[in-house]
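Undergrad: Attaching a predicted model along with its sequence, questions to come.
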Protein chains: 2
Amino acid sequence: MSEREPTLRERRYSETRRAIQAHAVRLFTERGYDAVTVADVAEAAGVSAMTVYRHFATKEDLVLLEQPAELVAARVAASPPTQPLVRRVGGALVDAAAALTGGSDEAAANERFLLDCLRLMVETPALRARHLDGQYVLQQAVVDALGVDAASPEAEFRARAATSACLAVMHTALTRWVEEDGRTSLPELIAHALAASFGDDAVGQRG
Amino acid sequence: MSEREPTLRERRYSETRRAIQAHAVRLFTERGYDAVTVADVAEAAGVSAMTVYRHFATKEDLVLLEQPAELVAARVAASPPTQPLVRRVGGALVDAAAALTGGSDEAAANERFLLDCLRLMVETPALRARHLDGQYVLQQAVVDALGVDAASPEAEFRARAATSACLAVMHTALTRWVEEDGRTSLPELIAHALAASFGDDAVGQRG
DNA sequence: CCTCCGAATGTTAGTCACTAACATTGAGGT
DNA sequence: ACCTCAATGTTAGTGACTAACATTCGGAGG
């Protein structure tokens, strides 16, 4: 449908944004997050500091990646409500990770950039904190997608508990993935981490 | 043993620290974290802004509570290594929470202050992020206390996954505890959240 | 082709968290 | 009574971030 091709101004806008982020991640990786100022990033990207803030709300957002909340939520919503909560959520996370890192050719091209961002997020306390907090958005999306009885605080509490556990496990897998520099398949790592936490039977084989 | 009674200078130091933190939490609760500057806190406490930073590394640390890592680690280390990881860690968390909120009379007196701090931590994004990141310290302490084979990255990965899941569940319980303004017993909430995530049989009855 | 609108960017002048360096005061041991 | 040094104050910075206003230029309409 409405796939209007981007105008020149829009292309320049996106390109500026991309350039700023690319230079930021490169500089942060080279010199360390704290040793690089926003002014440094702006200069490297050939823009003013103000423009950086127009594209990214905070310095941290230069590295933070948007959490694929819809992707996960859709898979959670499609999972059979009869299964245990952690199996529904865990399965959705494994599937979403497979969709994001596995097939797509474009994903493979960006994998280096993705790993650089994640490495910064894992190693820099400020970024790690923000990333962990960002999972709250994802958590709420998943809890909503689980479709628990909204009138029952008890049921919602159980859903939140199970979801937060699954997301924490995924974060552990992400950390490990970065430590191995992406050598092991991410979905596999998540599945293993889920099995270690919830038992082997809680991680269903897909199909 | 060496229970030398505190000198006047030490008493003043502790009192200054306590006053700063009390005024900070009060002001943050009244006006909101972002609407209160460190200078405001300093003025309320009758000290200079520099003194606030001498007692607390950052503005966030005015609210953050030290995680009782040793308390939890000791209980984890004492748990039978034959049990599943999540049961060992989860049980330790329930016990530690009971020790912290249940018996002690001093704990009951500070419960209002504790709840105020936790409420700020849950509701303020910056504080929530820092608190979540702070659990990394606790996580490492627990993983060490589990005594897994240090030579096996696989075993350590499983321990990290299970521990992070348990801590996330505890955080969910803490959030709920704050939402209920402390009306339900915290250990009970943690136990229920653990059961919802790992199954009822994974939460052993103590004894 | 000209013209005007507005989106993207630049500039300037702030606020506030946080740090470093140096000055001051007073508790506590000699 | 004196000296030491820990606790605090003062001052001058850096850097993240914001608000307000100026500028430029792509693009839509005449």
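TA: That came through, no problem. Given the structure is predicted, the values throughout are model-derived calculations rather than measurements.
Undergrad: CA atoms for contacts and neighbours, from now on please.
TA: OK.
Undergrad: what about the helix or strand bottoming out on mean pLDDT in chain A and chain B, any contact?
TA: Sorting the helices and strands of chain A by mean pLDDT, DSSP states H and E puts helix A:105-123 at the bottom, at a mean of 86. No. Counting by C-alpha under 8 Å from any C-alpha of the partner chain, chain B has no neighbours in helix A:105-123; the shortest distance is 10.5 Å.
Undergrad: Count the residues that sit near A:Pro80.
TA: 12 (other C-alpha atoms under 10 Å in any protein chain shown).
Undergrad: For the residue nearest in space to the middle of chain A, which residues are in contact?
TA: Geometric centre of chain A, nearest residue: A:Gln67, 3.8 Å, by C-alpha atoms, centre = their mean. Each residue near A:Gln67 by C-alpha atoms under 8 Å, 6 or more residues apart in numbering or on different chains is listed here: A:134-135, A:138.
Undergrad: how about these in a markdown table, adding neighbour count and pLDDT?
TA: Below are the contacts of A:Gln67 laid out as a markdown table (neighbours: other C-alpha atoms under 10 Å in any protein chain shown; pLDDT from 0 to 100):
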| residue | neighbour count | pLDDT |
| --- | --- | --- |
| A:Gly134 | 17 | 95 |
| A:Gln135 | 18 | 94 |
| A:Leu138 | 21 | 97 |
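Undergrad: Name the SS class of A:Ala42, please.
TA: helix (DSSP: H, G, I helix; E, B strand; the rest coil).
Undergrad: Quick check: which element contains A:Ala22?
TA: In the assignment (DSSP states H and E), A:Ala22 maps to helix A:8-31.
Undergrad: Next, find the distance separating A:Gly182 from DNA strand D.
TA: Per C-alpha to the nearest atom of the strand, to the nearest Å, A:Gly182 is found 29 Å from DNA strand D.
Undergrad: contacting residues around that residue?
TA: A:Gly182 touches A:Leu115, counting by C-alpha under 8 Å, 6+ apart.
Undergrad: Next, it: secondary structure please.
TA: A:Gly182 ends up coil, using three-state DSSP.
Undergrad: where along chain A do the strands fall?
TA: Ranges of strands in chain A, per DSSP state E: none exist.
Undergrad: in it, which spans are helices?
TA: Counting by DSSP state H, chain A has helices at residues A:8-31, A:38-45, A:49-55, A:69-78, A:85-101, A:105-123, A:125-146, A:153-179, A:186-198.
Undergrad: Of these, which is nearest DNA strand D?
TA: DNA strand D lies closest to helix A:8-31 among those, at 3.4 Å (C-alpha to the nearest atom of the strand).
Undergrad: touching DNA strand D at all, the closest one?
TA: Yes. Using C-alpha under 7 Å from any atom of the strand, we find that helix A:8-31 touches DNA strand D at A:8-10.
Undergrad: Would you map out the domains in chain A?
TA: Structural domains assigned to chain A are A:8-62, A:64-198, following automatic domain parsing.
Undergrad: The last one close to DNA strand C?
TA: No. In terms of C-alpha under 7 Å from any atom of the strand, no part of domain A:64-198 sits within range of DNA strand C; the closest distance is 10.6 Å.
Undergrad: related to what we said a few turns ago, figure out which of the domains of chain A is closest to B:Asp34.
TA: Comparing these against B:Asp34 with C-alpha to C-alpha, the closest turns out to be domain A:8-62 (15.6 Å).
Undergrad: So what's the gap between the closest one and the chain middle?
TA: 20 Å (C-alpha atoms, centre = their mean, to the nearest Å).
Undergrad: pLDDT averaged over it - what is it?
TA: Computed over domain A:8-62, the mean pLDDT rounds to 97.
Undergrad: ok, back up a step: quick one, which of the helices of chain A is nearest to B:Ile20?
TA: Between the helices of chain A, helix A:125-146 lies closest to B:Ile20; by C-alpha to C-alpha that is 24.6 Å.
Undergrad: Report the contact partners of the closest residue in space to A:Arg75 that isn't next to it in sequence.
TA: The shortest distance from A:Arg75 to any non-neighbouring residue, by C-alpha to C-alpha, 6 or more residues apart in numbering or on different chains, is to A:Ala92 (5.1 Å). Applying C-alpha under 8 Å, 6+ apart to A:Ala92 gives the contacts A:72-73, A:75-76, A:79.
Undergrad: A:Ala195 too?
TA: Taking C-alpha under 8 Å, 6+ apart, we find A:Ala195 in contact with A:201-203.
Undergrad: Export only the CA atoms of stretch A:136-152, formatted as PDB.
TA: This file holds the C-alpha atoms of stretch A:136-152, laid out as PDB (Å, rounded to 0.1, in the frame of the first residue of the first chain):
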ATOM      1  CA  TYR A 136       9.900  -2.900  31.200                       C
ATOM      2  CA  VAL A 137       8.300  -1.700  28.000                       C
ATOM      3  CA  LEU A 138       8.800  -5.200  26.500                       C
ATOM      4  CA  GLN A 139       7.500  -6.800  29.700                       C
ATOM      5  CA  GLN A 140       4.300  -4.800  29.700                       C
ATOM      6  CA  ALA A 141       3.700  -5.600  26.000                       C
ATOM      7  CA  VAL A 142       4.200  -9.300  26.700                       C
ATOM      8  CA  VAL A 143       1.900  -9.300  29.800                       C
ATOM      9  CA  ASP A 144      -0.800  -7.600  27.700                       C
ATOM     10  CA  ALA A 145      -0.300 -10.200  24.900                       C
ATOM     11  CA  LEU A 146      -0.600 -13.000  27.300                       C
ATOM     12  CA  GLY A 147      -4.300 -12.000  27.700                       C
ATOM     13  CA  VAL A 148      -4.600 -12.700  31.300                       C
ATOM     14  CA  ASP A 149      -7.800 -11.800  33.200                       C
ATOM     15  CA  ALA A 150      -7.300  -8.100  33.600                       C
ATOM     16  CA  ALA A 151      -9.800  -8.100  36.500                       C
ATOM     17  CA  SER A 152      -7.600 -10.500  38.500                       C
END
